[in-house]
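Undergrad: How does the following fold in three dimensions:
(chains A and B)
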2 protein chains.
Amino acid sequence: MARNTQVAADHHAPPVTTTLAAFVAGHPSRGWSDTVEHEAHRTFFNWLGCAIGAAQHESVRSALAAVQMLQPAPQATLLGRTERVDMASAALINGIASHTFDFDDTHLKTIIHPAGPVASAVLALAETQGCSGRQVIDALVLGIDVACRVGNAIYPDHYDRGWHITGSTGMLGAAAGCARLLGLDERATAMALGIAASQPVGLREQFGTMTKPFHPGAAARAGLMAALMARHGFTASARALEAPRGLMQTVSTKCDWREITHELGQRFEISFNTYKPFACGIVIHPSIDACIQLRRRGVTPEQVERIELKVHSLVLELTGKKEPADGLQGKFSVYHGCALGLIEGKAGEAEFSDAVVTRPDMVAMRRRVVATVDDAIHEAGADVTAILRDGRREHVSVVHAIGSLERPMSDDDLRAKFSDLVSPVLGTACVAPLVQAAYGLGQADSVRSLVQAARAA
Amino acid sequence: MARNTQVAADHHAPPVTTTLAAFVAGHPSRGWSDTVEHEAHRTFFNWLGCAIGAAQHESVRSALAAVQMLQPAPQATLLGRTERVDMASAALINGIASHTFDFDDTHLKTIIHPAGPVASAVLALAETQGCSGRQVIDALVLGIDVACRVGNAIYPDHYDRGWHITGSTGMLGAAAGCARLLGLDERATAMALGIAASQPVGLREQFGTMTKPFHPGAAARAGLMAALMARHGFTASARALEAPRGLMQTVSTKCDWREITHELGQRFEISFNTYKPFACGIVIHPSIDACIQLRRRGVTPEQVERIELKVHSLVLELTGKKEPADGLQGKFSVYHGCALGLIEGKAGEAEFSDAVVTRPDMVAMRRRVVATVDDAIHEAGADVTAILRDGRREHVSVVHAIGSLERPMSDDDLRAKFSDLVSPVLGTACVAPLVQAAYGLGQADSVRSLVQAARAA
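TA: Okay, here's the model as predicted:
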């Protein structure tokens, strides 16, 4: 059958979602004819017969065997909380949590955040099965490789269409990682990928809502369940990714197959993973970085007469909010970013709280930042000059910001970020043992001591 | 950002799925450099901090509240089985079961099988919550309306791309039905649809595998969970369906918005639902129908010298298998269909068993069927002439087969089909009470007695 040509996006589409919602919520009970009513019973009745009739079929038995692995709940830990739930729900919830602050990792070539779907699935399964840390790390590397290689092959077309690529490739990574943990053979692993391929998760339209972090969580759950089903004999197409009506051709025009195989087993996509040092959009990072460098040179807030900031036009377009009123607006203010760099020397989630954004010294410092557009400066860079009250000028030019592939965060940087995130939840005393457990995971006999340490008291 | 143009399907794509599967299954543990190994720990570590840091966030709390509704398992019945599982898993498993025989319902305009995702979700939730039959029927009608209206708007483009439309609209129907059962208000219902919109399920490449019936099951589970999450305050875009990067524009070029609103609340898509009388592909149905009519006129297998069958070329292309070797091949043999019609007078799942397909009288009768192509006959019709041993000729022309919108199955037909499906699983004595419970559902105080009757002893 002929494929269709895409047309321009329709920006004037009517409010179909709310129209349907109002209809479903408001239409009166039995607000239709006897014929409709009767048809409803026929529909139900026919469906009931079909379901009962196939109750002993192999498809049902193998899917059920997977579901029964969820029981008895609780099985797996929710990180930083006291509750334990079934492992599929743990994959979901931990995946949601890990992407909630938009502070997780990024595979820059595809802008996939790969740990959300993969680690969430793998850890929940590993805890339940009592796997070693070694197995977890193996599964993580391989799972991320699968998600990012598929991402490489279909990015950017796939993303341009509207998919949130983290969730629409992540279920493959989660399935791959879990298949590996379960020790599935080649055929069963293909089935796990195949089952997962039918479940891409995530639309870019959801950005700004809770459903954005839901995407990696749901992808984790889908991949985990796909692997459990495959283990119990559930089947899928072994060409589920590449066939004309398989995942990749269905969700992307660009399918660069070579990205899947080139240097497979030699080049690992996890090598190109990056971590966010600052809990805000990436275009602000070079400006924050520059101001932290000024602070390290000894420039104090009291000395500063004025900050002259030169950035690419895109930076002000996206984050030009001069007077942010709360924490969320602060994330879209390069001015707030500069003030944080100078005053706090960091910009974690806590630095984008309402309290910090509205603090008088922050407001005053933001007002001393003068931003101008200079498109000679790259989007990923910033040029900052501090004009001090004594007339001195301190200049910093950032070409590659901290957290980029060229200037990765050091392990110390990562530990500091970790401590800022974890201390308010688990207490400061819990941080050091967790750091040790995480960095030593590849040698751990079991993941359970790490998971225990990550659980709230 | 500019949207891309679709190109022709690539039929020569390399075996990416099995390549990745072999890699994941076979690559040695720690088969990479120290740098990769270290990066793996950093990745894990960074992700862990992010997850713990957000553990008290509202997104996590509301999704968790939904997940906790699954516990303690078991909550809901698996139709025709003894096990009970959590309601989300029941939606999944019952959804898989109901589509396993490809014998369920069809909304012909979109070829959506709407009960699979919607009824599976609604019944599992209704049992858990103790809802009335009335509420279930309401939810079913409204849920199916949502799925089929969205289907109307995007069919056929969406299907042509490679989506199995039952699962890629069904999650919306399931979410709508469950939102209704939960009594969600307009805003929360929009959130349920929004959360569901991020989870279209199903690729046509999976046809012929267990993952095909997985699609309605997974859509049922996704929709049910979306509604539970929305009930607990989880948010999504209220334009998740129609926005440029919302579901419909992301998965289809054709978006005929009027299909959503035209006669909404007046015309119900469930009115256009149909049921399969025969457990095989629809192109064979007219030929089976014609042969059953010959049998009803008194034509016996012994009398038949030859059956002259005239059909559209498509029928022989798809189902021209002259000597089927087993049950599955029998489903692709119009010759077997004719033999069934004449000898058995029906063609349910049992009539496509290996035993029936290889029975000598069936083989002999199939060999007496002579099929010829006549494109003057519509794809949905058949022209059959029985040449009897005494020289008489009996002729039947079918324009609309039984089970079509023009010639729907009667309630008696449906009851006979139901009995054939249910008797082997629950026993003949269970059929009559279930028939009564299902047809009386709109008046039942609770769905629980029906569900109890549908459970294996």
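
Undergrad: So which residues of the stretch 301-450 of chain A form helices?
TA: Assigned by DSSP state H, counting those that start in this stretch, the helices in the stretch 301-450 of chain A fall at A:313-319, A:327-330, A:334-343, A:354-357, A:360-367, A:411-426, A:431-439, A:448-453.

Undergrad: Can you give the domain ranges for chain A?
TA: Split into domains by automatic domain parsing, chain A comes to A:67-275, A:282-398, A:411-453.

Undergrad: so can I have CSV of the helices of the stretch 301-450 of chain A showing mean neighbour count, mean pLDDT and distance to B:Met191?
TA: In short, each C-beta sits where N, CA and C put it, glycine included. Output for these, formatted as CSV (neighbours: other Cβ atoms under 10 Å in any protein chain shown; pLDDT from 0 to 100; distance: least, Cβ to Cβ, whole Å):
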stretch, mean neighbour count, mean pLDDT, distance to B:Met191
helix A:313-319, 17, 92, 27
helix A:327-330, 18, 90, 19
helix A:334-343, 28, 98, 30
helix A:354-357, 16, 96, 25
helix A:360-367, 16, 97, 34
helix A:411-426, 19, 91, 27
helix A:431-439, 17, 93, 35
helix A:448-453, 17, 93, 32
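
Undergrad: These: which one's closest to chain B?
TA: helix A:411-426 (3.2 Å; Cβ to the nearest Cβ).

Undergrad: What are the contacting residues of stretch A:20-32?
TA: A:37, B:134-135, B:137-138, B:141-143, B:145-146, B:149, B:176, B:179-180, B:184-187, B:189-190, B:192-193, B:238, B:241, B:260, B:264-265, B:268, B:442 (Cβ atoms under 8 Å, 6 or more residues apart in numbering or on different chains).

Undergrad: Among the residues you listed, name the buried ones.
TA: Buried by 16 or more other Cβ atoms under 10 Å in any protein chain shown: B:134-135, B:137-138, B:141-143, B:145-146, B:149, B:176, B:179-180, B:184, B:186, B:189-190, B:192-193, B:238, B:241, B:260, B:264, B:268, B:442, out of the contacts of stretch A:20-32.

Undergrad: hey, which of the domains of chain A is tucked in deepest?
TA: Across the domains of chain A, averaging neighbours per residue (mean count of other Cβ atoms under 10 Å in any protein chain shown) puts domain A:67-275 on top, at a mean of 26.

Undergrad: what about that domain, distance to the chain center?
TA: 11 Å (Cα atoms, centre = their mean, to the nearest Å).

Undergrad: again with stretch A:299-311
TA: Distance of stretch A:299-311 from its chain centroid, counting by Cα atoms, centre = their mean, is 34 Å.

Undergrad: now the helices of the stretch 301-450 of chain A as TSV including distance to chain B?
TA: Formatted as TSV, the helices of the stretch 301-450 of chain A follow (distance: least, Cβ to the nearest Cβ, whole Å):
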stretch	distance to chain B
helix A:313-319	14
helix A:327-330	13
helix A:334-343	18
helix A:354-357	15
helix A:360-367	22
helix A:411-426	3
helix A:431-439	4
helix A:448-453	8
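
Undergrad: Among those helices, which comes closest to B:Glu379?
TA: helix A:313-319 (54.4 Å; Cβ to Cβ).

Undergrad: elements contacting the closest one?
TA: Using 3 or more Cβ pairs under 8 Å, 6 or more residues apart in numbering or on different chains; DSSP states H and E, the elements in contact with helix A:313-319 are helix A:334-343, strand A:369-373.

Undergrad: Helix or strand with the lowest mean pLDDT in chain A?
TA: helix A:58-68 (a mean of 72; mean pLDDT, DSSP states H and E).

Undergrad: other SSEs contacting the helix or strand following that one?
TA: Later in the chain than helix A:58-68, the nearest helix or strand by DSSP states H and E is strand A:76-77. Contacts defined by 3+ Cβ pairs under 8 Å, 6+ apart place strand A:76-77 against strand A:84-85, helix A:87-100, helix A:115-129, helix A:448-453.

Undergrad: what angle separates the longest one from helix A:87-100?
TA: With axes from the mean of the first three to the mean of the last three Cα atoms, to 10 degrees as the basis, helix A:115-129 and helix A:87-100 are set at 150 degrees to each other.

Undergrad: Only alpha carbons, please: show helix A:115-129 as PDB.
TA: Extracted C-alpha coordinates of helix A:115-129, given in PDB (Å, rounded to 0.1, in the frame of the first residue of the first chain):
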ATOM      1  CA  ALA A 115      19.100   5.900  32.200                       C
ATOM      2  CA  GLY A 116      15.400   6.700  33.000                       C
ATOM      3  CA  PRO A 117      13.900   3.800  31.000                       C
ATOM      4  CA  VAL A 118      16.900   1.400  31.200                       C
ATOM      5  CA  ALA A 119      18.100   1.700  34.800                       C
ATOM      6  CA  SER A 120      14.600   1.900  36.300                       C
ATOM      7  CA  ALA A 121      13.700  -1.400  34.600                       C
ATOM      8  CA  VAL A 122      17.000  -3.200  35.300                       C
ATOM      9  CA  LEU A 123      17.300  -2.300  39.000                       C
ATOM     10  CA  ALA A 124      13.700  -3.300  39.800                       C
ATOM     11  CA  LEU A 125      14.200  -6.600  38.100                       C
ATOM     12  CA  ALA A 126      17.600  -7.200  39.600                       C
ATOM     13  CA  GLU A 127      16.400  -6.500  43.100                       C
ATOM     14  CA  THR A 128      13.500  -8.900  42.700                       C
ATOM     15  CA  GLN A 129      15.800 -11.600  41.200                       C
END
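
Undergrad: elements contacting that helix?
TA: If you count contacts as 3+ Cβ pairs under 8 Å, 6+ apart, helix A:115-129 packs onto strand A:76-77, helix A:87-100, helix A:133-154, helix A:165-182, helix A:211-231, helix A:448-453, helix B:34-53.

Undergrad: OK, contacts around A:Glu127?
TA: A:Glu127 makes contact with A:Gln75, A:Ala76, A:Thr77, A:Met87, A:Ala90, A:Val447, A:Arg448, A:Val451, according to Cβ under 8 Å, 6+ apart.

Undergrad: Let's see that with 6 Å instead.
TA: A:Ala76, A:Val447, A:Val451 (Cβ atoms under 6 Å, 6 or more residues apart in numbering or on different chains).

Undergrad: before we move on, back to that, with distance to A:Arg407 as extra columns, can I get the helices and strands packed on helix A:313-319 in a markdown table?
TA: Listed next are those as a markdown table, based on distance: least, Cβ to Cβ, whole Å:
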| stretch | distance to A:Arg407 |
| --- | --- |
| helix A:334-343 | 15 |
| strand A:369-373 | 23 |
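
Undergrad: near chain B, which residues of the stretch 201-350 of chain A?
TA: When proximity is defined by Cβ under 6 Å from any Cβ of the partner chain, the stretch 201-350 of chain A lies next to chain B at A:201-206, A:209-211, A:213, A:234-246, A:250, A:253, A:257, A:260, A:264-265, A:268, A:270-271, A:273, A:275.

Undergrad: Restricted to helices, list the residues you listed.
TA: A:Thr211, A:Pro213, A:Thr250, A:Ile260 (DSSP state H).

Undergrad: looking at it, the last one is touching B:Val16, isn't it?
TA: Yes - taking contact to mean Cβ atoms under 6 Å, the distance of 4.9 Å between A:Ile260 and B:Val16 places them in contact.

Undergrad: Tell me, what's the model's pLDDT at A:Ala9?
TA: Note on A:Ala9: pLDDT of 64.

Undergrad: Residues contacting stretch A:397-412, please?
TA: Contacts of stretch A:397-412 (Cβ under 6 Å, 6+ apart): A:Thr274, A:Tyr275, A:Lys276, A:Pro277, A:His285, A:Pro286, A:Asp289, A:Ala290, A:Gly381, A:Ala382, A:Asp383.
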